[in-house]
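Chemist: Got a predicted structure here, sequence first:
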Amino acid sequence: MLTGAGISTESGIPDFRSPTGIWAEVDPLEVASIRAFRRDPERVWSFYRTRIHSLLAAEPNAGHHALAELERRGLVGAVVTQNIDTLHSRAGSRDVVEVHGSIRSAVCLHCLWTEGIEGVLEQLEQRTAPLCVHCGEILKPGVTLFGELLPPGAIERATELARSAGLMLVVGSSLEVWPVAGLPLEARSLAIVNRGTTPLDGNALVKIDAPAGETLAAVVEAL
Ligand SMILES: [Zn+2]
């Protein structure tokens, strides 16, 4: 299983690459890159404060619930996701590999302390950026910023999962962001559910151009 922004659009979270997505209004390099964080972490946090609140206000949709159900039935091994919104876990999926990190924590780049979202939100009530409780440095959002490496181990685990899968199902990803976009090439076979084309449509056994929620709910129903 590999999921991208398309599975969360039905939860009211616009695909950030779409013309109406957040990057149509702000320059990601200014608010969501590692360079911006090193230059002006408070500006990055003023962006993420709003983003975290809106992502936490969103609810898992039929697509997230269907994948959690398929995992419970032993039909889905694990969910590798490009999404940072935590909606898979909140829908009940247990094995979720968040290859671009998530909003569930923030990390200190100085001493590597990881602070949970509750502690981060509490601090954001008081100040413009949360601080490390150990060394006092400003924490970095637990999301992979532009220009940053992926979380250690995540892409390795995702590659292993892809190689061992009988079928890799891609949902709601246009497969444009590397290295994640290369994962389906590691799998024995491939099925894609996505609005619009992807560069790997020709490699897929099945390609369904439809919304994720209704498609996955129909799969669960049919099984
Ligand atoms: Zn620290």
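Modeler: Perfect, I can see it now.

Chemist: got the contact list for the residue positioned nearest the centre of the chain?
Modeler: Among the residues of the chain, Asn83 comes closest to the average C-alpha position under Cα atoms, centre = their mean, at 1.3 Å. With contacts defined as Cβ atoms under 8 Å, 6 or more residues apart in numbering, Asn83 is in contact with 3-5, 7-8, 98, 100, 102. In this view, the C-beta of every residue, glycine as well, is placed from N, C-alpha and C.

Chemist: ok, 7 Å please
Modeler: By Cβ atoms under 7 Å, 6 or more residues apart in numbering, the residues touching Asn83 are 3-5, 8.

Chemist: same question, Leu2
Modeler: Applying Cβ under 7 Å, 6+ apart, the residues near Leu2 are 80, 168, 170, 173, 183-184.

Chemist: Quick one: name the residues of this structure near the ion.
Modeler: By the rule Cβ under 5 Å from the ion, the part of the chain lying against the ion is 108, 110-111, 113, 132, 134-135, 137.

Chemist: with the contacts of Leu2 in mind, which one is nearest to the ion?
Modeler: Val80 (29.0 Å; Cβ to the ion).

Chemist: Are we agreed that that closest one is in a helix?
Modeler: No - using DSSP: H, G, I helix; E, B strand; the rest coil, the assignment for Val80 is strand, not a helix.

Chemist: Report how many residues lie close to it.
Modeler: 28 (other Cβ atoms under 10 Å).

Chemist: I am finished for the moment; much appreciated.
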